[in-house]
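Novice: Provide a 3D model corresponding to the input given below.
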Amino acid sequence: MLDRYNPLNWEIDWIAIGEGALLVSIAVTVAYLLYRAVFAVVRRLTALSETHVDEMVVERVRRPVKWSFIAIGVTVVAQSDPHLQGIWEPIARFVRPALLGWIAYTLVKAFTAAIEYRLEISDDPVAMRSRKTRIAILSRTATFAIIFITVGLMLMGIPGVRDIGTTLLASAGLAALAVGAAAQPALKSLIAGLQMAVTEPLRIGDLVKVDGQAGRVEEIKMSFVTVRTWDERVLIVPTSRFLDEGFENWSRKSEALTGPVMLHLDPIADVGPIRAEFERYVQEHELFDQRNMALVMTEAYPESVELRMSVSAKTIGELFQLRCDLREHMLKWLRENQPEALIRHRLELPGGHAKAGEPNGPNA
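Specialist: As a prediction, this is how the structure comes out:
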């Protein structure tokens with residue numbers, strides 16, 4: 001019974017093997033030369049373009065296309081040789097979907113890199129963040145779909161797996177319910193990621209406030225979003241949480257914001273000169289964008305008054321620096337010109353009024 005496994009009993013047709021090897025060698029050589037010729041023409045055409053985007057796309061798809069040329073050449077030759085076809089066809093069941101998936105994967109990555117390259121030279125930072133966020137989410141979704149379909153096609157090339165899949169079609173309803181229940185969190189994150197790309201409640205680079213923490217959005221994944229705070233901590237927030245719960249986006253349309261600076265002074269303070277000095281200093285400050293400037297008395301308590309100085313700037317970083325400079329200057333001016341307006345003695349009473357504070361923000 002074991003005689004058929006003895007190599008001495010095998011009948012090997014060396015002539016057929018030699019002919020098959022020769023045909024494969026010729027097919028690989030011709031396919032490679034054809035690939036070189038085609039890409040030489042394509043490179044000449046891309047060199048005529050004004051941007052590097054075409055060259056970037058061609059360079060990324062070069063390797064999978066080369067192996068696709070070779071696979072096509074071997075397939076064409078195998079059609080004329082039954083022995084070679086019997087060897088190549090089982091292998092081709094895995095090679096063909098793998099090459100197609102490789103080409104699709106590299107095309108997605110190439111076009112993503114090309115679009116991001118175009119965005120880097122854009123003059124509109126808000127539009128750049130919007131498109132970059134959408135591209136990142138959609139490219140990850142497309143990559144996942146390509147890998148999933150490619151692996152599925154490769155597995156379908158195995159007869160046993162194909163037969164099992166046909167048998168399971170009879171119980172597809174129960175299987176769909178079970179998979180749906182088990183994959184509910186993953187599906188929820190996937191849908192949330194797609195919704196994030198379409199509606200754009202936040203984008204990469206936006207300054208957001210979530211769970212009382214403010215920071216810049218660094219990455220938007222299908223399942224989570226990373227937010228880096230001003231003190232370099234990284235918050236990992238589930239993607240679905242941004243849609244299920246509220247959050248603050250301080251740079252939704254533009255980074256131009258208005259921010260307050262609070263002064264708590266003695267009721268004897270003369271507000272007129274304070275307002276005049278505030279307006280003079282802000283008008284001369286290089287970070288003020290000439291949009292909003294106001295000083296109002298927002299509260300008056302028996303032991304203190306509250307002045308709110310509102311200023312605006314083009315970016316959030318410039319607004320923070322302007323508020324810091326304004327706070328320091330006004331306290332210095334009060335010490336030199338109205339020292340009696342500064343509160344030196346405080347009396348804490350049980351059940352007294354709550355001390356008002358400025359809105360929380362990065363480095364507020």
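
Novice: Quick one: find the helix or strand in this protein with the lowest mean pLDDT.
Specialist: For the chain, the helix or strand with the lowest mean confidence is helix 172-182, at a mean of 50 (criterion: mean pLDDT, DSSP states H and E).

Novice: Quick check: which element contains residue 73?
Specialist: Taking DSSP states H and E as the definition, residue 73 sits inside helix 53-78.

Novice: by contact count, what packs against that helix?
Specialist: With contacts taken as 3 or more CB pairs under 8 Å, 6 or more residues apart in numbering; DSSP states H and E, helix 53-78 sits against helix 14-47, helix 82-120. (Glycine included, C-beta is placed from N, CA and C.)

Novice: Tell me which of those is the most buried.
Specialist: Of the helices and strands packed on helix 53-78, the one with the most neighbours on average (mean count of other CB atoms under 10 Å) is helix 82-120, at a mean of 16.

Novice: Return the set of buried residues in the helix or strand just after that one.
Specialist: Sequence order places helix 125-156 as the next helix or strand after helix 82-120, per DSSP H and E. Neighbour-count burial for helix 125-156, with 16 or more other CB atoms under 10 Å as criterion, is recorded at 126, 128-142, 146, 150, 153-154.

Novice: Report the buried residues of stretch 287-299.
Specialist: 287, 288, 289, 293, 295.

Novice: Mind putting the residues you listed into CSV with distance to residue 238 and pLDDT?
Specialist: CSV is the format used below for those (distance: CB to CB, whole Å; pLDDT from 0 to 100):
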residue, distance to residue 238, pLDDT
287, 36, 92
288, 39, 93
289, 36, 90
293, 40, 92
295, 42, 94
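
Novice: so how far is stretch 253-260 from its chain's centroid?
Specialist: 24 Å (CA atoms, centre = their mean, to the nearest Å).

Novice: okay, how far is it across it, tip to tip?
Specialist: Stretch 253-260 has an end-to-end distance of 20 Å (CA to CA, to the nearest Å).

Novice: Helices along the stretch 151-300 of the chain, start to end?
Specialist: Secondary structure of the stretch 151-300 of the chain (DSSP state H, counting those that start in this stretch): helices at 159-168, 172-182, 184-199, 239-244, 271-284.

Novice: By mean pLDDT, show me the worst of the ones you listed.
Specialist: Comparing mean pLDDT across the helices of the stretch 151-300 of the chain, the weakest is helix 172-182, with a mean of 50.

Novice: that older thread, how far off helix 82-120 does the helix holding residue 73 point, in degrees?
Specialist: 170 degrees (axes from the mean of the first three to the mean of the last three CA atoms, to 10 degrees).

Novice: Now do helix 53-78: distance to the chain's middle.
Specialist: On CA atoms, centre = their mean, the centre of helix 53-78 falls 29 Å from that of its chain.

Novice: Likewise for stretch 105-118?
Specialist: Using CA atoms, centre = their mean, the offset of stretch 105-118 from its chain centre is 14 Å.

Novice: and if you look at stretch 301-312?
Specialist: On CA atoms, centre = their mean, the centre of stretch 301-312 falls 41 Å from the chain's centre.

Novice: So the nearest residue to residue 140 once chain neighbours are set aside versus residue 195, what's the distance?
Specialist: Distances taken as CB to CB, 6 or more residues apart in numbering place residue 222 nearest to residue 140, at 5.9 Å, with adjacent residues excluded. Separation of residue 222 from residue 195 (CB to CB, to the nearest Å): 11 Å.

Novice: what's the closest non-adjacent residue to residue 110?
Specialist: Using CB to CB, 6+ apart, the closest residue to residue 110 is residue 60 (3.9 Å).

Novice: Using the three-state scheme, assign residue 307.
Specialist: Classification of residue 307 by DSSP: H, G, I helix; E, B strand; the rest coil places it in strand.

Novice: burial count for the residue nearest to it when sequence neighbours are not counted?
Specialist: Leaving aside its chain neighbours, residue 307 sits nearest to residue 263 (4.3 Å; criterion: CB to CB, 6+ apart). For residue 263, the neighbour count with other CB atoms under 10 Å is 22.

Novice: Contacts only, for residue 263.
Specialist: Contacts of residue 263 were listed using CB atoms under 8 Å, 6 or more residues apart in numbering, and they are 274, 306, 307, 309, 330, 334.

Novice: let's see 10 Å
Specialist: Neighbouring residues of residue 263 by CB atoms under 10 Å, 6 or more residues apart in numbering: 269, 274, 278, 295, 297, 304-309, 326-327, 330-331, 334, 341-342.

Novice: ditto for residue 55
Specialist: Per CB under 10 Å, 6+ apart, neighbours of residue 55: 42, 43, 46, 47, 49, 114.

Novice: Looking at the residues you listed, which one is closest to residue 207?
Specialist: residue 114 (28.0 Å; CB to CB).

Novice: The closest one reaches residue 60, doesn't it?
Specialist: Yes - if you go by CB atoms under 10 Å, residue 114 and residue 60 touch, sitting 9.0 Å apart.

Novice: related to what we said a few turns ago, just the contacts of residue 55: which has the poorest pLDDT?
Specialist: When the contacts of residue 55 are compared on pLDDT, residue 49 comes out lowest, with 68.
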